[in-house]
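Enquirer: Take a look and give me a structure for this.
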Amino acid sequence: MKQLQNNDVWRQALEVLPDNPLPHAISVTLTADDAMTANAKRLADQWREIDGVQYVELDSIWVQRVEALLRIGKIGLALVTLIIALVVLAAVFNTVRMQALSLREEIAVARLVGATEAFVRRPFLYQGGLTCAVASLIAIALASLALMPINEALVGLSRTYDALFALEMPDGVSLALYVAAAVVLGAFSARWSVTRHTRY
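Expert: Reported below is the predicted structural model:
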């Protein structure tokens with residue numbers, strides 16, 4: 001109504017009207033999830049049965065496109081996560097192996113004076129866990145910086161669809177769990193490597 005009142009063609013016609021003749025319209029934006037298409041159809045069917053609702057328009061094609069993009073993104077992230085985990089496993093394994101071989105004589109002397117296997121392995125476990133913890137924190141910082149130009153590009157794309165998209169970092173609890181998982185992975189790789197290459 002305000003947009004029409006600002007239009008010179010409609011202003012005089014609208015001044016003779018006692019009130020706003022345009023019907024009420026409500027625009028609903030759904031939260032993106034795996035069941036977005038099913039939820040949109042279910043809600044549209046429920047709203048059509050409400051008294052006073054004359055018309056419900058559902059942009060199901062757009063919802064299906066967004067859902068497909070989210071599904072592709074999740075599959076891609078899962079594959080990238082698996083590849084990165086294997087790379088971390090191999091990198092930590094090789095690093096600990098090289099250090100264990102360089103300390104071969106020191107480890108042998110420590111065992112001769114009564115050092116236990118746990119005592120020999122502990123420094124390598126700390127090294128693997130600490131390496132992965134620092135690497136994961138650096139990765140989180142770099143990802144946060146990378147989101148800025150990506151979101152700027154997404155804003156231009158989303159405006160063409162009359163919507164607003166933005167990528168966000170996971171919450172603090174999830175990030176802490178990711179860092180803890182990286183530490184466990186690094187420690188496991190270090191234990192595996194030192195167990196294999198200190199038996200002599």
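
Enquirer: Please spell out which residues along the least confident helix or strand in the chain by mean pLDDT are buried.
Expert: Least confident element among the helices and strands of the chain, by mean pLDDT, DSSP states H and E: helix 104-112 (a mean of 76). Residues Ile107 are the ones in helix 104-112 that count as buried (16 or more other CB atoms under 10 Å). Every residue, glycine included, has its C-beta placed from N, CA and C.

Enquirer: by contact count, what packs against it?
Expert: With contacts defined as 3 or more CB pairs under 8 Å, 6 or more residues apart in numbering; DSSP states H and E, the packing partners of helix 104-112 are helix 117-159.

Enquirer: what is the mean pLDDT for the helix it packs on?
Expert: If you average the pLDDT over helix 117-159, you get 83.

Enquirer: how far is the next helix or strand after it from where the chain is centred?
Expert: Sequence order places helix 172-197 as the next helix or strand after helix 117-159, per DSSP states H and E. Chain-centre distance of helix 172-197: 20 Å, with CA atoms, centre = their mean, to the nearest Å.

Enquirer: Equivalent analysis for stretch 181-200, please.
Expert: 28 Å.

Enquirer: Give me the angle between the helix or strand where Thr95 lies and helix 117-159.
Expert: Secondary-structure element containing Thr95, defined by DSSP H and E: helix 60-102. Computed by axes from the mean of the first three to the mean of the last three CA atoms, to 10 degrees, the angle separating helix 60-102 from helix 117-159 equals 150 degrees.
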